[in-house]
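pasting a predicted model and its sequence here:
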Amino acid sequence: MILTVDVGNTRIKAAVFEGGTALEVFVFDKNELEKKITTILNKFPICSDLVVSSVGKIEKEAFLSFENLVKVHFFTHEDIFPFHNKYATPKTLGIDRMILAAGATLQFPKQNRLVIDAGTCITYDFIDENDNYLGGAISPGLRLRYEALHNFTARLPLLELEMPDSYVGNSTSQAIHSGVVNGFVYEIDGFIDEYKANFSNFIIILTGGDAEFLAKRLKNTIFANSNFLLESLDQTFQYKNRQ
Ligand SMILES: Nc1ncnc2c1ncn2[C@@H]1O[C@H](COP(=O)(O)OP(=O)(O)O)[C@@H](O)[C@H]1O
Ligand SMILES: CC(C)(COP(=O)(O)O)[C@@H](O)C(=O)NCCC(=O)O
Ligand SMILES: [K+]
């Protein structure tokens, strides 16, 4: 039994896995890390390993206090991944993107794969059928768009996510909702169309905090798997142990 932990820029997600199945998923804030991990390990005392990927401000040191309970594995660029990394700056590639690419490679062998992670940022990662990781894109996520409009202007309010009535926003708030929500959906459909035009066959994996919201609104039919990064951590850890 292993505990996987994904430290993103907004929240921490964790799951206990046994034989490839998530038994329970937890979502919490950075300042609750120590308390939550302790609670989880008390609930699942037969956990042998704690497997982490972090792109947030939390480093390996934050997990060292658990070393008397479990083996701690903090993924880094030095680990072995099941794809050929063609990124021009492999050392600066987000470790979350590497785990997503590894999960896609292991779970969907020998095909083109596009992973879209709609979290703090939207990340796009493409791994071709020969297991070459080619790169993708990074753009602001849904919440970040609302916050950026407010933080970098004098007159735009900070709004909570709401479905716009129309693409023609007829008030300041409707114009913001249209720009943020429709812009977010159009961008992702636009990228998918671009990949479709260039690759006859590929699978799309949609994940991240906004995946469920997004899946219902895309023109392209895609199922959301909010736990894909946690599943990929489990699979990449099993892969590493087979090497
Ligand atoms: N309770 C919540 N707190 C923060 N963000 C949330 C929450 N529920 C949904 N979201 C959405 O999730 C997105 C962040 O996704 P998440 O996967 O948590 O990010 P990260 O992996 O970067 O930490 C935000 O754009 C926001 O719209
Ligand atoms: C792009 C990211 C900020 C996404 O983080 P997230 O939205 O998952 O919190 C992260 O993958 C990162 O810090 N990447 C480094 C740059 C790169 O991947 O090229
Ligand atoms: K992301």
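Perfect, I can see it now. Ligands and ions are numbered 1, 2, ... in the order given.

from now on I want contacts and neighbour counts done on CA atoms only, so please keep to that.
Will do.

how about the secondary structure of the residue of the chain most remote from its centre?
Distance to the chain centre peaks in the chain at residue 170, reaching 33.8 Å (criterion: Cα atoms, centre = their mean). State at residue 170, reduced to three classes by DSSP: H, G, I helix; E, B strand; the rest coil: coil.

ok, now how distant is it from residue 177?
Remark: distance between residue 170 and residue 177 (Cα to Cα, to the nearest Å) = 11 Å.

try residue 132
38 Å.

between these two, who's got more neighbours?
residue 177 (24 against 18; other Cα atoms under 10 Å).

which residues touch that one?
By Cα atoms under 8 Å, 6 or more residues apart in numbering, the residues touching residue 177 are 161-164, 169.

now do the buried residues in the host helix or strand of residue 36.
Assigned by DSSP states H and E, residue 36 falls within helix 33-43. For helix 33-43, the neighbour count (16 or more other Cα atoms under 10 Å) marks 33, 36-37, 40-41 as buried.

now, which of the residues you listed sits nearest residue 1?
residue 41 (10.7 Å; Cα to Cα).

contact partners for the closest one?
residue 47.

and the furthest pair within the buried residues of helix 33-43?
Top of the distance list for the buried residues of helix 33-43 (Cα to Cα): 33 and 41, 12.1 Å.

quick check: residues of the protein near ligand 1?
Contact residues, the chain versus ligand 1 (Cα under 6 Å from any ligand atom): 8-11, 119-120, 141-143, 208-210.

quick one, which of those are buried?
8, 10-11, 119-120, 141-143, 208-210.

among the residues you listed, which ones are in strands?
Among these, the subset assigned to strands under DSSP state E is empty.

follow-up on the earlier one: of the residues of the chain next to ligand 1, closest to residue 73?
Closest to residue 73, out of all of those and judged by Cα to Cα, is residue 8, at 16.8 Å.

touching, the closest one and residue 58? I think so.
No - at 9.3 Å, residue 8 does not count as touching residue 58 under the criterion of Cα atoms under 8 Å.

hmm, stretch 94-101 in reach of ligand 2?
Yes - judged by Cα under 6 Å from any ligand atom, stretch 94-101 comes into contact with ligand 2 at 94, 96-97.

among those, which one has the most neighbours?
Going by other Cα under 10 Å, residue 96 tops these with 24 neighbours.

Provide the secondary structure category for that one.
helix.

what's across from the closest residue to it other than its chain neighbours in the sheet?
Counting by Cα to Cα, 6 or more residues apart in numbering, residue 53 is the residue found nearest to residue 96 once chain neighbours are left out, at 6.2 Å. Legend: beta-bridge partners of residue 53 under DSSP bridges are residue 6.

residue 25 now?
For residue 25, the beta-bridge assignment (DSSP bridges) gives partners residue 15.

pretty sure it contacts residue 13?
Yes - between residue 25 and residue 13 there is a contact under Cα under 8 Å: 7.3 Å.

so which of those two has more stuff around it?
residue 13 (19 against 16).

close to ligand 2: what parts of the protein are there?
Contact residues, the chain versus ligand 2 (Cα under 6 Å from any ligand atom): 8-9, 55, 92-94, 96-97, 119-121, 138.

what are the ranges of the helices in the chain?
Applying DSSP state H to the chain gives helices spanning 33-43, 95-107, 142-151, 172-177, 183-198, 211-215, 228-242.

residues of the third one that come out buried?
Going by neighbour count (16+ other Cα under 10 Å), the buried part of helix 142-151 is 142-147, 149-150.
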